[in-house]
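Engineer: I would like to see how this sequence folds:
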Amino acid sequence: MRTVAAALFCFLLCCRSGPDARPPEPPPAAAVPASPANPPATQVTGAQPTVPNAAGQPTASPAPAAPERPSAAAAPQAPAPGIDLSALDRGVNPCEDFYKFACGSWLARTPIPEDRPRWGRAFSEVLERNEARLRDILEQNSRGEPDPANPFAQKVGDFYATCMDEQKAETASFATLQKELQAIDQINDSRALARRVGDLHRAGARAFFGFGSRQDAKDATQVIGGVDQGGLGLPDRDYYFRTDKKSQELRALYVDHVGRMLSMAGDAEAPEHAQRIFQLETALAKASIDRVARRDPNKMYHRLDRSGLLTTAPHFEWNDYFATVGAPDVQAINVTVPDFFRAVDGLLARGNLDDVRVYLKWRAIEGAADSLGARFVDERFRYNRALTGEKVLLPRWKRCVQMTDRALGEALGRTFVTTTVGAEGKAMAKEMIVNIEKAFEANLAKKASLYKLHKIDNKVAYPEKWRDYTKLAIGRDSLLENVLNAARFETARDLAKIGKPVDRGEWRMTPPTVNAYYSASLNEMVFPAGIMQLPFFSPEAPVPSNYGGLGMVMGHELTHGFDDQGRKFDGDGNLREWWSSRVAKAYEERASCVAKQYDGYIAVDDVHLNGRLTLGENIGDIGGLKMMIAALRAKREDQAPTNAGGFNDEQQAFIAFAQVWCTNYRPEAARTQALTNPHSTAQWRVNGPVSDNPDFANAFKCAAGSSMAPANRCTVW
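Structural biologist: Numbering: from 1, shown residues only. This is a model prediction of the structure:
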């Protein structure tokens with residue numbers, strides 16, 4: 001979420017309970033964190049956010065301990081430490097379908113809540129507990145009760161209280177939107193257009209393209225500017241062109257949805273304008289490159305700089321745009337997709353400001369929808385449920401918790417971490433990382449690879465220094481105004497980094513986030529407090545289940561440093577070829593095996609996974625599982641074996657890993673994930689890696705040739 005535009009917040013937490021139903025427009029490959037469960041975040045102003053950029057102007061050390069708080073909303077109980085024997089289906093042969101064996105009974109007894117597109121035993125349930133904790137904090141902040149851990153408690157409380165006031169969303173937020181639309185009506189020439197696009201981008205709207213700070217992929221010590229393709233309303237460029245029935249139905253629904261939203265905002269010609277918007281977006285989609293191509297970081301690096309950008313798209317007034325958005329002096333710019341900007345230039349060369357104004361109004365309305373009254377929220381949900389299958393809208397308090405976390409996540413997180421991860425848990429997690437890295441090191445022979453491994457920076461639980469929100473204005477009048485102010489604050493913070501050395505203390509997820517990530521350009525792994533909970537991890541949990549849960553996540557993230565994207569960045573975060581051609585060719589052959597394997601997996605109905613789109617995550621899963629079991633074996637080498645339900649240490653670890661992914665999907669959500677998401681669906685995140693793992697076959701005594709012990713395995717690391 002590189003610009004914190006709470007107006008763009010989806011009802012599902014974007015990096016939390018599984019992949020987004022409506023994925024963000026992705027950034028250049030490997031420029032931003034990957035994650036174990038969800039799509040990489042975007043760092044582009046004007047692109048839909050998923051997780052906020054952490055850092056800024058630090059003011060304080062980690063939060064001090066806070067007194068116990070009475071709970072306003074009882075959190076669901078955490079599971080007992082260790083594997084869940086009741087989740088197993090012992091009637092299934094683990095060597096034929098390990099996912100069903102580990103999760104079958106849980107899957108059968110666990111319905112999907114009506115307000116969710118999917119429900120998982122780990123990510124979803126931890127998220128549910130975290131939301132209840134956050135609600136408790138937010139309600140106390142909104143009442144003005146003392147919060148010694150958070151100097152910005154009043155801003156947090158004001159944001160949440162305003163969000164919970166539905167009447168103000170109907171009135172004050174709608175009035176804020178009308179001011180935005182009136183400003184768009186004033187566009188009368190190319191310079192005014194560029195300035196208005198800059199204003200929209202400052203406030204988080206996804207108009208035409210995105211702009212934000214970037215590490216220079218070939219000089220990782222420096223921060224430059226980056227412009228990227230964007231501006232689409234459907235989940236992915238390919239949705240504009242697929243010819244299957246479901247895609248055609250979704251396009252028709254989208255056009256109808258755009259028309260209804262325009263009409264509610266006061267557009268008397270909404271149906272006609274919706275068609276024109278769709279035509280313009282289709283032209284943008286045609287010029288965009290697809291998700292698989294975007295995974296190649298070399299294809300996404302075109303350091304044209306400001307002068308080259310002005311030559312590529314001369315009909316857009318870039319000087320006015322940069323002055324307005326907040327980077328008037330930027331010179332160093334990566335243009336990720338030059339052909340896209342040539343196409344945008346061609347659209348603008350036509351001089352049809354009527355179509356442009358209509359399109360920009362739609363971008364403003366879309367971005368504001370979740371902050372407006374019930375008509376807009378309900379209409380947005382009507383469209384989204386075609387992608388997710390959700391039956392009902394999330395309760396307002398959950399949506400407001402999510403929006404507050406996105407807008408002021410490092411302020412809210414200061415209090416959250418006092419109630420979760422303690423010093424003991426943080427120390428144990430760091431020890432696990434070291435053990436996972438040792439296991440990976442045993443696999444490496446190349447000196448350069450060892451250099452990269454040893455340079456990885458590991459961040460655990462919460463930032464060492466917290467973001468300063470002093471300059472962020474939050475009031476209790478208009479939710480949309482608060483949302484826009486939060487986005488403008490984040491845009492200014494992000495763009496201020498251009499031209500300066502990289503801040504390696506920055507976090508790109510808030511502490512309550514149920515996720516983790518690896519960044520190739522920073523060569524770092526980050527594990528927020530939000531994921532350091534049961535069933536992933538607990539100081540009280542048996543060692544095998546901690547390794548199968550959080551240890552596997554650590555192995556997954558570590559392997560990202562050497563997946564098909566990460567391997568192209570050296571230990572200092574620079575994009576360069578540091579492998580010999582012979583070794584690189586051998587790697588590509590191994591990676592192709594993985595891609596072909598996952599191409600054969602069915603996500604739902606007749607929709608297969610895309611082995612190339614999911615390649616990096618699948619390599620991460622396969623490698624992570626291997627490192628996890630090796631690290632556990634070393635950890636338990638001199639200790640007496642344990643037994644849980646008849647399962648030894650290694651069997652427990654494999655079961656704990658699988659049970660992290662126990663997930664029931666709605667068909668719509670599984671389809672959207674398979675078509676747009678770089679992560680495989682849950683069944684294949686279990687059965688794929690274990691079938692490639694000889695240690696698993698040995699642990700469960702699988703006969704050669706069984707489904708989980710095939711004759712030909714794929715392995716990269």
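Engineer: Please count neighbours and contacts with C-alpha atoms only from this point.
Structural biologist: Will do.
Engineer: Ser288 against Asp238, yeah?
Structural biologist: No: in this structure, Ser288 is not within contact of Asp238 by CA atoms under 8 Å, at 9.5 Å.
Engineer: And those two? Which one has more around it.
Structural biologist: Ser288 (23 against 19; other CA atoms under 10 Å).
Engineer: Arg116: what secondary structure?
Structural biologist: Three-state assignment for Arg116 (DSSP: H, G, I helix; E, B strand; the rest coil): coil.
Engineer: Can you say which helix or strand has Gln402 in it?
Structural biologist: helix 396-416 (DSSP states H and E).
Engineer: Are there helices or strands packed against the helix or strand just after that helix, and which ones?
Structural biologist: The helix or strand immediately downstream of helix 396-416 is helix 423-441, counting by DSSP H and E. In terms of contacts (3 or more CA pairs under 8 Å, 6 or more residues apart in numbering; DSSP states H and E), helix 423-441 is packed against helix 447-455, strand 457-461, helix 552-560, helix 615-635.
Engineer: got the angle for helix 423-441 vs helix 615-635?
Structural biologist: In terms of direction (axes from the mean of the first three to the mean of the last three CA atoms, to 10 degrees), helix 423-441 departs from helix 615-635 by 100 degrees.
Engineer: next SSE after the longest strand seen in the chain?
Structural biologist: Identified as the longest strand of the chain according to DSSP state E is strand 219-229. Sequence order places helix 245-264 as the next helix or strand after strand 219-229, per DSSP H and E.
Engineer: And the very next helix or strand once past that following helix, how far out from the chain middle?
Structural biologist: Remark: after helix 245-264, the chain's next helix or strand is helix 270-287, criterion DSSP H and E. On the basis of CA atoms, centre = their mean, to the nearest Å, helix 270-287 sits 27 Å off its chain's mean C-alpha point.
Engineer: pLDDT of helix 270-287, averaged?
Structural biologist: Summarised as a single mean, pLDDT over helix 270-287 is 98.
Engineer: Near the residue nearest to Gly389 when sequence neighbours are not counted, how many residues? Count them for me, please.
Structural biologist: Leaving aside its chain neighbours, Gly389 sits nearest to Glu668 (5.2 Å; criterion: CA to CA, 6 or more residues apart in numbering). For Glu668, the tally of surrounding residues (other CA under 10 Å) stands at 18.
Engineer: Could you tell me the model confidence score at Glu668?
Structural biologist: 96.
Engineer: Repeat that for Trp661.
Structural biologist: Confidence for Trp661, expressed as pLDDT, is 98.
Engineer: thinking it is in contact with Ser124, fair?
Structural biologist: No: with contact defined as CA under 8 Å, Trp661 does not reach Ser124; the gap is 10.1 Å.
Engineer: Go ahead and confirm Gly551 touches Lys626.
Structural biologist: No: assessed by CA under 8 Å, Gly551 is found out of contact with Lys626, at 10.8 Å.
Engineer: Looking at those two, which has the bigger crowd around it?
Structural biologist: The residue with more neighbours, out of Gly551 and Lys626, is Gly551; 30 against 26, by other CA under 10 Å.
Engineer: Now do the same contact list for the more buried one.
Structural biologist: Neighbour list for Gly551: 432-433, 436, 628 [criterion: CA atoms under 8 Å, 6 or more residues apart in numbering].
Engineer: Make TSV out of those residues and add distance to Glu379.
Structural biologist: Below are the contacts of Gly551 laid out as TSV (distance: CA to CA, whole Å):
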residue	distance to Glu379
Met432	46
Ile433	45
Ile436	47
Met628	45
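Engineer: Nearest to Asp345 among these?
Structural biologist: Among those, Ile433 lies closest to Asp345 (CA to CA), at 48.1 Å.
Engineer: What's the local residue count around that closest one?
Structural biologist: Residues contacting Ile433 under the criterion other CA under 10 Å number 23.
Engineer: What sits closest to it if chain neighbours are left out?
Structural biologist: Nearest non-adjacent residue to Ile433, counting by CA to CA, 6+ apart: Met554, 6.4 Å away.
Engineer: Also Ser449?
Structural biologist: Nearest non-adjacent residue to Ser449 (CA to CA, 6+ apart): Gly571, at 7.7 Å.
Engineer: Look up how far Val377 lies from the closest residue in space to Gly555 that isn't next to it in sequence.
Structural biologist: Spatial nearest neighbour of Gly555, excluding adjacent residues (CA to CA, 6+ apart): Gly624 at 3.8 Å. Between Gly624 and Val377 the computed distance is 40 Å (CA to CA, to the nearest Å).
Engineer: Show me which of those two is the more surrounded one.
Structural biologist: Here Gly624 and Val377 are compared on neighbour count by other CA under 10 Å; more neighbours surround Gly624, at 27 against 17.
Engineer: That one: what's it in contact with?
Structural biologist: 552-559.
Engineer: what do you get for Asn693?
Structural biologist: Taking CA under 8 Å, 6+ apart, one finds 622, 625-626, 709, 713 in contact with Asn693.
Engineer: let's see it at 10 Å
Structural biologist: By CA atoms under 10 Å, 6 or more residues apart in numbering, the contact set of Asn693 is 622-623, 625-626, 629, 687, 708-710, 713-715.
Engineer: For it, give me phi and psi.
Structural biologist: Torsion angles at Asn693 (phi, psi; degrees, to the nearest 10) stand at phi -120, psi 110.
Engineer: ditto for Ala368
Structural biologist: Ala368 adopts backbone torsions of phi -90, psi -10, taken as degrees, to the nearest 10.
Engineer: any idea how far it lies from Leu575?
Structural biologist: Taking CA to CA, one finds Ala368 at 37 Å from Leu575.
Engineer: who's more crowded, the two?
Structural biologist: The neighbour comparison of Ala368 against Leu575 (other CA under 10 Å) goes to Ala368, with 30 against 25.
Engineer: hang on, that one packs against Leu200?
Structural biologist: No: Ala368 lies out of contact with Leu200 (CA atoms under 10 Å); the separation is 11.1 Å.
Engineer: Name the residues contacting each of the two.
Structural biologist: Joint contacts of Ala368 and Leu200 (CA under 10 Å, 6+ apart) are 180, 484.
Engineer: Leu387 and Leu234: what is the separation?
Structural biologist: Distance, Leu387 to Leu234, by CA to CA: 10 Å.
Engineer: of those two, who's got more company?
Structural biologist: When neighbours are counted by other CA under 10 Å, Leu387 and Leu234 differ, and Leu387 comes out ahead with 24 against 21.
Engineer: Let me see the contact set for the more buried one.
Structural biologist: Counting by CA under 10 Å, 6+ apart, Leu387 touches 20-22, 117, 234-235, 250, 381, 666-673.
Engineer: so the residue nearest to Gly389 is in which element?
Structural biologist: helix 667-676.
Engineer: Packing partners of that helix?
Structural biologist: strand 118-120, helix 291-294, helix 374-388, strand 602-604, strand 607-608 (3 or more CA pairs under 10 Å, 6 or more residues apart in numbering; DSSP states H and E).
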